[in-house]
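K.L.:
take this sequence and fold it.
(one chain, ligands or ions: 2)
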Amino acid sequence: MYKVSSLAEEYQKKLITADEAAAMVHNNTRIHYGTGCGVVNDIDEALARRADELKGIEVLSTVALRKEPFKLYQATSSNEQVRFASAHFSAFDRQMNKEGRCWYIPMLFNELPYYWVNNENDIDIAFFQVAPMDSHGNFNLGPQVADMWGVIKSAKKIIVEVNQNMPIAHGHQTQLNLYGIDHIVEGSNAPLAELGTKPASDIDKQIAAHVVELINSHSTLQLGIGSLPNCIGQMLADSDVRNINAHTEMFVDAYVDLFDAGKLTGNKPVDKGKALYTFAGGTKKLYDFIDNNPICCSAPVNYVNNVNVISSIDNFISVNSCIQVDLYGQVCSESAGHQQISGTGGQVDFVMGAFLSKGGKSFICTPSTRTLKDGSKESLISPILTPGAIVTTPRTATNYIVTEYGAANLKGKSTWERAEMLINISHPDFREDLIKAAEKNGIWKNTSKCTF
Ligand SMILES: CC(=O)SCCNC(=O)CCNC(=O)[C@H](O)C(C)(C)COP(=O)(O)OP(=O)(O)OC[C@H]1O[C@@H](n2cnc3c(N)ncnc32)[C@H](O)[C@@H]1OP(=O)(O)O
Ligand SMILES: CCCC(=O)O
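P.N.:
Ligands and ions are numbered 1, 2, ... in the order given. Here you go, the predicted model:
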């Protein structure tokens, strides 16, 4: 154990300015900017001030939750200076990608910490935000433990940016000690980026109603990103379903609604009494709920998203969204054709884990159509995926697909049955065309329609 005075001395020795931290970035190196709400602000600004000197820098990040693009991106214009890579695209990553400045790192989220520690993926400097040091010399990593230990283990140098607004996250491996850190920057304490969701549409509410009908009391819930999963959480809070538990990759505002409604009990066999998550993204209401709250338990993603852990919890319910589904039940949740939108994230981890849980189910939800720029409608259930679309969840893993027209459980169904079930939950205006396409593609033949 170290004395408080020696901690204070050690802290002072390690304290540097953001500009001094930025000066440590040498040309032709890889740096990591942090995960979720922990991505750095002041160090990013300081690096942007050095933009003209920088050459051959690769900036990595994981699901960066920000109000605005990185300053370093805005201050540079070529990949010879700085290029970016992200393990899960945010809106700003998409923008950078369209401009040829950012690449997606394909990943299964449960494996991501191992990608960083793989020797070929060394990180020269890891920058990330933390909460102020406590009296034991520990810095709390905030509500995004996720892949941080992979980053920390892989990095040759660790420089933290202290933010007094970082919520203190309870949980597993949430602390990094002063003696494991190379340098400390005291940041300007920006409020955490808030991730609001669009208000739920009528169609969202219809989809949510189909899902909620299939959720029983005593279920453990994973909710994904977007307005729809939040709407489902709110509808559950208003329902007569009791004893809901949280074991989720992303902690979202809907869990606070469930807690306020007295429904979030933590009465589950694994991590009993805890709302388990790996990163948080929501509004101040969520961050205030997490801060120093021992029922909220943040843990590394290789644990939270581990298929064996998920499947060991009975009645596990996983709810995620997608971009397109084909008539085989292949799900694209991360790209629009060739254009990367987001990432695989933990969708596959939870789809597989929930199905293997006794009484468990996974729901992938989508409106049946979307409106194009010219006002016309496009069916999101398609004969085939758009060329270039990435299969996020393979048809073998797909369980329920849900639209406003109902829920189709594809597990164990033949290709013909799947196509029929999916057409039945597609928009009525597109059903005839889908039937014709299914026939043309040989999925649906007259001979398949025999009754036994
Ligand atoms: C964090 C978690 O989700 S944990 C759960 C496990 N992980 C996953 O499921 C990962 C994959 N899923 C996802 O990334 C999301 O659920 C999505 C992208 C499918 C939907 O998320 P939402 O927040 O509801 O999407 P939203 O409607 O805001 O659209 C996001 C972007 O995708 C585009 N998009 C959405 N649907 C479509 C579509 N069908 N076709 C083309 N583009 C689409 C939108 O135009 C928007 O792009 P823009 O911001 O550049 O204009
Ligand atoms: C970083 C992963 C986020 C997601 O699962 O969508």
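
K.L.:
which one is Gln81 nearest to, not counting chain neighbours?
P.N.:
Nearest residue to Gln81, sequence neighbours excluded (C-beta to C-beta, 6 or more residues apart in numbering): Leu54, at 5.1 Å. Placement of C-beta: from N, CA and C, glycine included.

K.L.:
test my guess that His183 contacts Ile159.
P.N.:
Yes. Assessed by C-beta atoms under 8 Å, His183 is found in contact with Ile159 at 4.5 Å.

K.L.:
if we can go back for a sec, which residues touch the residue nearest to Gln81?
P.N.:
Listed by C-beta atoms under 8 Å, 6 or more residues apart in numbering, the contact set of Leu54 reads Val25, Asn27, Leu47, Thr76, Gln81, Val82.

K.L.:
in the protein, what residue lies closest to ligand 2?
P.N.:
Residue nearest to ligand 2 within the chain: Gly345 (1.9 Å; C-beta to the nearest ligand atom).

K.L.:
correct me if wrong: that residue contacts Phe109.
P.N.:
Yes. If you go by C-beta under 8 Å, Gly345 and Phe109 touch, sitting 5.2 Å apart.

K.L.:
between these two, what contacts are shared?
P.N.:
His88, Glu249.

K.L.:
which parts of the stretch 251-400 of the chain sit against ligand 1?
P.N.:
320-324, 333-334, 336, 341-343, 345-347, 370, 380 (C-beta under 6 Å from any ligand atom).

K.L.:
show the buried residues in those.
P.N.:
When those are checked for burial by 16 or more other C-beta atoms under 10 Å, the buried set is 320-324, 333-334, 341-343, 345-347, 380.

K.L.:
take those and keep only those in strands.
P.N.:
Among these, the ones falling in strands (DSSP state E) are Asn320, Ser321, Gln324.

K.L.:
format those residues as CSV; extra columns: pLDDT and distance to Asp202.
P.N.:
Output for those, formatted as CSV (pLDDT from 0 to 100; distance: C-beta to C-beta, whole Å):
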residue, pLDDT, distance to Asp202
Asn320, 95, 21
Ser321, 94, 17
Gln324, 98, 21
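
K.L.:
and the strands in the stretch 251-400 of the chain?
P.N.:
Secondary structure of the stretch 251-400 of the chain by DSSP state E, counting those that start in this stretch: the strands cover 275-280, 296-298, 316-321, 324-326, 331-332, 335-336, 339-340, 361-365, 369-371, 377-379, 381-382, 400-403.

K.L.:
low pLDDT regions in the chain?
P.N.:
1-5, 446-452 (pLDDT under 70).

K.L.:
please parse it into its domains.
P.N.:
According to the TED database, the chain is divided into the following domains: 4-186, 202-441.

K.L.:
what about the last one, how long is it end to end?
P.N.:
Okay, so that is domain 202-441. Domain 202-441 has an end-to-end distance of 34 Å (criterion: C-alpha to C-alpha, to the nearest Å).

K.L.:
same check on stretch 71-85?
P.N.:
Termini of stretch 71-85 sit 15 Å apart (C-alpha to C-alpha).

K.L.:
use 760 as the first number for this chain going forward.
P.N.:
I'll keep to 760 as the first residue from here, and by that count the last item is stretch 830-844.

K.L.:
any shared contact partners between His942 and Ile918?
P.N.:
Ile775, Ala780, Met783.

K.L.:
out of the residues you listed, grab the one that's most surrounded.
P.N.:
Ala780 (24 neighbours; other C-beta atoms under 10 Å).

K.L.:
from ligand 1, how far off is it?
P.N.:
Here Ala780 is placed at a distance of 29 Å from ligand 1 (C-beta to the nearest ligand atom, to the nearest Å).

K.L.:
and for His1006?
P.N.:
Noted for His1006: a distance of 12 Å to ligand 1, by C-beta to the nearest ligand atom.

K.L.:
gap between the two ends of stretch 844-862?
P.N.:
With C-alpha to C-alpha as the measure, stretch 844-862 spans 5 Å from end to end.

K.L.:
scratch that, stretch 1045-1065 is what I was asking about
P.N.:
Using C-alpha to C-alpha, one end of stretch 1045-1065 lies 24 Å from the other.

K.L.:
in that stretch, which residues are buried?
P.N.:
1045-1046, 1048-1050, 1055-1064.

K.L.:
related to what we said a few turns ago, His942 and Ile918: which has the busier surroundings?
P.N.:
Counted by other C-beta under 10 Å, His942 and Ile918 do not tie: Ile918 has more neighbours, with 25 against 19.

K.L.:
the helix or strand encompassing the more buried one pairs with which strands?
P.N.:
If you go by DSSP states H and E, Ile918 is part of strand 914-921. Here strand 914-921 has these sheet partners by DSSP bridges: strand 882-889 (parallel), strand 942-945 (parallel).

K.L.:
these two touch, right, Ile1003 and Leu980?
P.N.:
Yes. At 5.6 Å, Ile1003 counts as touching Leu980 under the criterion of C-beta under 8 Å.
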